[in-house]
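J.: Have a look at this fold, sequence not included:
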């Protein structure tokens, strides 16, 4: 005999609830399969051949980073390197230096060349070289910014501003180069007292960053290529200044990048800072 209508309705309701739960589980499971990279911005050409400054000159981090930014960039940026001299790290770096780095600087007094084997290159001259290489290709202009805290700007705001510039360049297919500066707490002859003073600067190329930051973010992780060895490392950029309490810069916690540590005593207090950026923003 057929069951009572109310019993039939109850069974149907249980079936509907069962299907609803199954659909929810499937949707949740599919969502959990989304790759973590969906929230990250990675270089357009991750299989590029890295340029290693150690194959050429210890102070060639700038030229090496410029070549890496083009190599790891989108196709339109990669095309800039077509016809440029060099087939390996050494010849690529020295080819760029011979053509662009030996030209007189527009920013140094005394008719000095842009690149110096003892001092490297500054952020302004490296930007000039990038734009000369890109000339006539209808590409976005390469710009630079010194990433120091502005008047009435908090460290958290500086963190977000720095991240925004990196994202803008990555979205235009150009992995930005960042300038790092190591500071040490030691005696300064300039002010004749113990204070935080700059030791050495170094360029590295951003390989991967988060697409966005939470509103209350105090740091963000990056992956970057250090031209000193041409290796991919992970680091964290912090808004907190730690021991360097008066720092106008963000702190770059990049444990695999020693930049300048060899010039200091082992017990010297030292921090690495994010000093500037070169990119398409």
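T.: Okay, I see it. Keep in mind it's a predicted model, so treat the numbers as computed, not measured.

J.: Going along the chain, name the strands of the stretch 51-200 of the chain.
T.: Using DSSP state E, counting those that start in this stretch, the strands of the stretch 51-200 of the chain run over 143-146, 177-188, 193-210.

J.: For the second one, enumerate its sheet partners and note whether each is parallel or antiparallel.
T.: It stands for strand 177-188. Strand 177-188 sits in its sheet next to strand 193-210 (antiparallel), strand 270-279 (antiparallel), going by DSSP bridges.

J.: And that strand, what's buried?
T.: 177, 178, 179, 180, 181, 182, 183, 184, 185 (16 or more other CB atoms under 10 Å). The C-beta positions use only the backbone N, C-alpha and C, and glycine is treated the same way.

J.: What's the local residue count around the closest residue to the fourth one other than its chain neighbours?
T.: Yep, that's residue 180 we're talking about. Excluding its sequence neighbours, the residue lying closest to residue 180 (CB to CB, 6 or more residues apart in numbering) is residue 202, at 4.9 Å. Neighbourhood size, residue 202 [other CB atoms under 10 Å]: 26.

J.: The most centrally placed residue in the chain pairs with what?
T.: Centroid-nearest residue in the chain, with CA atoms, centre = their mean: residue 206, separated by 2.7 Å. For residue 206, the beta-bridge partners are residue 224 (DSSP bridges).

J.: OK, contacts around it?
T.: Shown in contact with residue 206 (CB atoms under 8 Å, 6 or more residues apart in numbering): 166, 170, 175, 176, 177, 178, 222, 223, 224.

J.: Now the two most distant members of the residues you listed.
T.: 177 and 223 (14.3 Å; CB to CB).

J.: thinking again about what came up before, now render the strands paired with strand 177-188 as CSV, adding distance to residue 123.
T.: CSV is the format used below for those (distance: least, CB to CB, whole Å):
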stretch, distance to residue 123
strand 193-210, 8
strand 270-279, 5
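
J.: Looking at these, which one is packed in the most?
T.: strand 270-279 (a mean of 23; mean count of other CB atoms under 10 Å).

J.: rewinding a little: from memory the residue nearest to residue 180 sits against residue 258, does it?
T.: No: counting by CB atoms under 8 Å, residue 202 does not reach residue 258; the two are 9.1 Å apart.

J.: sorry, back to before: next, format the strands paired with strand 177-188 as a markdown table and append mean pLDDT.
T.: Converted to a markdown table, the strands paired with strand 177-188 look like this (pLDDT from 0 to 100):
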| stretch | mean pLDDT |
| --- | --- |
| strand 193-210 | 94 |
| strand 270-279 | 96 |
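
J.: of all those strands, which lies closest to residue 87?
T.: strand 193-210 (20.2 Å).

J.: Show me where the chain has its helices.
T.: 5-32, 61-71, 75-78, 89-96, 123-134, 155-171 (DSSP state H).
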